[in-house]
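Trainee: following is a predicted model, sequence given first.
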Amino acid sequence: MASVLTVQAFFFADGGLLALGCNIWNLGIYPCFIAYPLIYKPLVRSGSTSKRIAIASLISCVIALQLGAFSVVFETMLSGRSELPFRTFHLFMQSVHLGIGLVEGL
């Protein structure tokens, strides 16, 4: 995941090199080390149906994106570069990423 994010930073200017560490944390750590092993794997056991796999995918994707969105808010607040108060920024990011998570999960 880190190599994919590095290629995106270099060739597609997706956050750039200055945001690479945050992108690896927000887009790599949560899905790979939290959502997949702790949410998806327990929900999908051997011999699972396609319906169970779809539900597990949706739930784990939404949770991973919500965690990443919260980290963006937290990291931005720590940087001191936010024009928005924490609550407003947090509610905006969570609601937008809930929709994104539902679409990506599907």
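Mentor: Okay, I see it. Numbering: from 1, shown residues only.

Trainee: S79 versus I100, what's the distance?
Mentor: Per Cβ to Cβ, to the nearest Å, I100 is found 23 Å from S79. Glycine gets a C-beta too; all of them are placed from N, C-alpha and C.

Trainee: these two: which is more packed in?
Mentor: Taking other Cβ atoms under 10 Å, I100 and S79 do not tie; I100 has more neighbours (15 against 9).

Trainee: the nearest residue to Y40 once chain neighbours are set aside: how many residues sit nearby?
Mentor: Of all residues not flanking Y40 in the chain, S60 sits nearest, at 4.1 Å (Cβ to Cβ, 6 or more residues apart in numbering). S60: 25 surrounding residues under other Cβ under 10 Å.

Trainee: in which helix or strand does S60 reside?
Mentor: helix 50-79 (DSSP states H and E).

Trainee: so what touches whichever helix or strand comes after that helix?
Mentor: Using DSSP H and E, the helix or strand that follows helix 50-79 towards the C-terminus is helix 86-105. Identification of contacts with helix 86-105 by Cβ atoms under 8 Å, 6 or more residues apart in numbering yields 57-66, 68-70, 72-73, 76-77, 82, 84.

Trainee: and those, which are buried?
Mentor: 57-66, 68-70, 72-73, 76 (16 or more other Cβ atoms under 10 Å).

Trainee: alright, that wraps it up for me.
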